[in-house]
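*Asks:* Need the 3D shape of this:
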Amino acid sequence: MLREPQQERSRTTRRRLIEAAVDCFSEQGWHGVTVAVIAERAGVSRGAAQHHFPTREALVTAAVDLLGEAQLDELRTRAAGLPIGPSRIERVVEMVLNLYTGPMFRAALQLWAMAATDEQLRAALVPLEARVGREAHRVTVGLLGVDETRDGVRELVQATLDLARGLGLANLLTDDTRRRRQIVREWAATLETRLGGIGAP
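*Replies:* Numbering: from 1, shown residues only. You can find the predicted model right below:
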């Protein structure tokens, strides 16, 4: 069994490699990145990188896991300070619609685009994205405090997440903050009307 300092160093190295992979995919795309490039970015040897992640696909799998968990952790952290009651809905919608902006979303988008024409990458991404999507849906249902067994609730929650991804795409080329604020207000009003108000999660 590894001693604790060795275990900690191993975890630190893995984390550095995964974070470097996210940065590289965000900046250079899928085809411009190799394990050697990621290792150099992380400041570790190529041998150490290949010990943890023998293939680029293995690194992608870990990177997608990190991207999904980081986004959901951020959502949960921000949600901890939200008010309870009807005023909550707009704040939740704002957080979800802002979830798909920034470098993490850009990195994921690079991978999605490449997966459209790369069978090996698609095979690695599809089950991971499905799992991350299910967890994002579950977290959003909890934040809104809604009953998913009611007619239309599941579809409204999923529409919120799909809207968030679409707005994330719109924000890639220009700052879409102003328009997103207006959409947040309108979509929150729509949800409040359709869902009949929300309670505490």
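
*Asks:* show me where pLDDT drops low in the chain?
*Replies:* Scanning the chain for pLDDT under 70 picks out the ranges 1-4, 85-86, 196-201.

*Asks:* Would you point out which residue is most central in it?
*Replies:* Centroid check for the chain by C-alpha atoms, centre = their mean gives Gly68 as the closest residue, at 3.7 Å.

*Asks:* Would you list the phi and psi of the closest residue to that one other than its chain neighbours?
*Replies:* With C-beta to C-beta, 6 or more residues apart in numbering as the criterion, Gly68 has its nearest non-adjacent residue at 3.4 Å, and that residue is Val132. Using the backbone N, CA and C atoms, a C-beta is placed for each residue, glycine as well. Dihedral pair for Val132: phi -60, psi -40, per degrees, to the nearest 10.

*Asks:* Against Arg11, how distant is Val132?
*Replies:* 21 Å (C-beta to C-beta, to the nearest Å).

*Asks:* ok, these two, which is more surrounded?
*Replies:* Relative neighbour count places Val132 above the other of Val132 and Arg11, with 19 against 10, counting by other C-beta atoms under 10 Å.

*Asks:* Can you name the residues that contact the more buried one?
*Replies:* When contacts are counted by C-beta atoms under 8 Å, 6 or more residues apart in numbering, Val132 is found next to 64-65, 67-68, 72.

*Asks:* With distance to Trp112 and secondary structure added, can I get those in CSV?
*Replies:* Written out in CSV, the entries for those read as follows (distance: C-beta to C-beta, whole Å; DSSP: H, G, I helix; E, B strand; the rest coil):
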residue, distance to Trp112, secondary structure
Val64, 10, helix
Asp65, 15, helix
Leu67, 11, helix
Gly68, 13, helix
Leu72, 18, helix
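
*Asks:* Pick the one among those residues closest to Arg41.
*Replies:* Checking those against Arg41 by C-beta to C-beta gives Leu67 as the nearest, at 16.4 Å.

*Asks:* Touching, that closest one and Arg106? I think so.
*Replies:* No - Leu67 is not in contact with Arg106 according to C-beta atoms under 8 Å; the separation is 10.2 Å.

*Asks:* more crowded one of those two?
*Replies:* Neighbours around Leu67 and Arg106, counted as other C-beta under 10 Å, are more numerous at Leu67. The numbers are 24 against 17.

*Asks:* Roughly how far does that one sit from Thr190?
*Replies:* When Leu67 is compared with Thr190 (using C-beta to C-beta), they lie 29 Å apart.

*Asks:* swap in Leu17?
*Replies:* Counting by C-beta to C-beta, the gap between Leu17 and Thr190 amounts to 43 Å.

*Asks:* if you count what's nearby, which of the two comes out ahead?
*Replies:* Between Leu17 and Thr190, counted using other C-beta under 10 Å, the more crowded position is Leu17 (24 against 14).

*Asks:* all helices of the chain, in order?
*Replies:* Per DSSP state H, the chain carries helices over the ranges 4-28, 35-42, 46-52, 56-79, 88-97, 103-115, 119-144, 153-170, 177-195.
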